[in-house]
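Asks: next come a sequence and a model predicted from it.
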Amino acid sequence: MPILNRAAEMQHEIAGWRRHLHSNPELGFDVVQTAAFVEGKLKEFGVDEIVPGIGKTGVVGVIKGRLGSGDTVGLRADMDALPINEITGKPYASTVANKMHACGHDGHTAMLLGAAKYLAETRNFKGQVAVIFQPAEEGGGGGNEMVKEGMMERFGIAKVFGMHNMPGIPLGEFAIRPGPIMAATSEFDIKVKGKGAHAAMPHQGIDPIVVASQLVLALQTIASRSVDPIKSVVVSVTKFHAGDAYNVIPEEVALAGTVRTLDKEVAAKAEERIRAICAGIGTTFGVAVEFDWDPNYPVTVNDAEQAAFAANAAREVAGARNVDEAVAPLMGGEDFSYMLESRPGAFIFLGNGDSANLHHPAYDFNDEAIPLGVSYWVKVAETALAPA
């Protein structure tokens with residue numbers, strides 16, 4: 001099955017939905033207008049069951065096949081935007097200050113709506129398709145909330161699939177891998193409490209900036225000296241806040257950052273080493289060092305069998321040459337990981353072409369990718385739920 005003729009026919013309509021969502025971005029769980037738009041479209045399509053308010057503001061629609069009863073396959077899209085000011089200058093650019101669809105969730109939502117429309121029209125499968133529209137992927141853990149509320153059990157979802165656009169992958173191509181495909185994410189906060197002093201008399205205080213600087217350098221040894229070099233880990237300090245004056249050594253420095261890994265044991269090792277480094281440097285310089293660790297999204301792990309299934313579905317749509325089945329894992333995080341912990345499934349990348357990168361104020365979803373994304377969703381659903 002190449003790109004569906006119907007998906008190509010609907011491209012302009014789906015792009016219109018996408019651009020409407022792009023102009024009206026919402027953050028986190030506060031995707032009330034977006035969820036209402038989704039719910040309205042699902043009603044318009046004649047979806048059999050529509051349940052809003054799952055995971056606070058998530059929406060699930062259930063489409064029943066015409067070929068008899070059977071399993072339920074879940075297809076998931078994320079709905080939330082990012083706190084970024086858009087600079088694209090497009091006619092449909094964000095109308096809301098410091099809110100922007102800079103990760104393509106508008107495209108994901110629109111493509112899944114397109115697939116829902118097609119599947120509700122044709123119903124050429126056995127069982128049910130659950131189209132899942134999730135809030136708060138960008139740090140809020142909306143996927144976890146939907147799972148914790150019993151979404152999988154409530155709708156009898158046996159397998160679940162996710163998709164994300166990816167700049168740098170050519171338009172018309174897909175990329176996937178079995179096993180870990182995106183990293184676990186954790187955040188940390190560190191406070192170094194020294195002793196303030198006049199900048200001209202540093203000997204009368206304990207300079208927390210010097211101590212914190214030593215900490216930043218020492219944390220870099222976790223990747224280079226504490227973890228097996230064959231395994232992946234990223235430790236990045238992303239905040240360093242201290243002082244307000246040229247001539248005052250401050251009392252306190254606040255650091256924060258993130259750790260990314262593809263292995264739970266490596267994540268545990270990184271936490272252990274950060275704690276030890278904080279304690280050791282605190283003792284060395286005679287300061288109090290407070291450390292707080294917040295484990296966030298787990299590793300996104302594709303089930304091997306379902307990754308092969310998803311790759312085959314992508315080949316049917318895009319052709320064998322246009323599917324990379326061994327893409328390198330990314331160190332970014334993704335809360336579809338919670339759904340994959342709950343049910344077997346797979347997460348795939350869809351090429352966005354030569355665009356600005358994700359989370360960049362000049363990024364825009366490529367509407368030319370819409371027919372491929374819709375066709376992929378349909379192929380996954382119809383193949384997974386084909387009569388025996």
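Replies: Noted; the coordinates are in hand.
Asks: buried stuff in stretch 282-301?
Replies: Residues 282, 285, 287, 289, 291, 293, 296-301 are the ones in stretch 282-301 that count as buried (16 or more other C-beta atoms under 10 Å). Where C-beta positions appear, they are placed from N, C-alpha and C, glycine not excepted.
Asks: against residue 370, how distant is residue 171?
Replies: Look at residue 171 and residue 370: by C-beta to C-beta, to the nearest Å, they are 11 Å apart.
Asks: who's more crowded, these two?
Replies: When neighbours are counted by other C-beta atoms under 10 Å, residue 370 comes out ahead of the other of residue 171 and residue 370, with 26 against 16.
Asks: now do the strand or helix carrying that one, average pLDDT.
Replies: Here residue 370 sits within helix 370-384, counting by DSSP states H and E. The predicted model assigns helix 370-384 a mean pLDDT of 98.
Asks: could the buried residues of stretch 282-301 be laid out in CSV, adding pLDDT?
Replies: Formatted as CSV, the buried residues of stretch 282-301 follow (pLDDT from 0 to 100):
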residue, pLDDT
282, 97
285, 97
287, 97
289, 98
291, 98
293, 97
296, 92
297, 95
298, 96
299, 96
300, 98
301, 97
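Asks: sitting in helices, which of these do you find?
Replies: 282, 285 (DSSP state H).
Asks: residue 229: which of the buried residues of stretch 282-301 is nearest?
Replies: Taking C-beta to C-beta as the measure, residue 229 sits nearest to residue 299 out of the buried residues of stretch 282-301, at 18.9 Å.
Asks: that closest one and residue 341, how far apart?
Replies: When distances are taken as C-beta to C-beta, residue 299 and residue 341 turn out to be 9 Å apart.
Asks: repeat that for residue 164.
Replies: Relative to residue 341, residue 164 is positioned 18 Å away (C-beta to C-beta).
Asks: if you count surrounding residues, which of the two has more?
Replies: Set side by side, residue 164 and residue 341 give different neighbour counts by other C-beta under 10 Å, the larger being at residue 164 (25 against 14).
Asks: what's near enough to touch the one residue sitting closest to the centre of the chain?
Replies: Within the chain, one residue has its C-alpha closest to the average C-alpha position: by C-alpha atoms, centre = their mean, that is residue 334, at 3.3 Å. Residue 334 makes contacts with 137, 162, 164, 182, 297, 300, 347, as judged by C-beta atoms under 8 Å, 6 or more residues apart in numbering.
Asks: pLDDT check: weakest of those residues?
Replies: When these are compared on pLDDT, residue 297 comes out least confident, at 95.
Asks: helix, strand or coil for the closest residue to that residue other than its chain neighbours?
Replies: Using C-beta to C-beta, 6 or more residues apart in numbering and skipping the chain neighbours, the partner closest in space to residue 297 is residue 333 (4.3 Å). Assigned by DSSP: H, G, I helix; E, B strand; the rest coil, the conformation of residue 333 is coil.
Asks: from residue 267, how far off is residue 333?
Replies: To residue 267, residue 333 is 12 Å away according to C-beta to C-beta.
Asks: so the residue nearest to residue 297 touches residue 180, yeah?
Replies: No. Contact status for residue 333 versus residue 180: not in contact, 11.7 Å apart, counting by C-beta atoms under 8 Å.
Asks: common neighbours of these two, please.
Replies: Common neighbours of residue 333 and residue 180 are listed as residue 300 (criterion: C-beta under 8 Å, 6+ apart).
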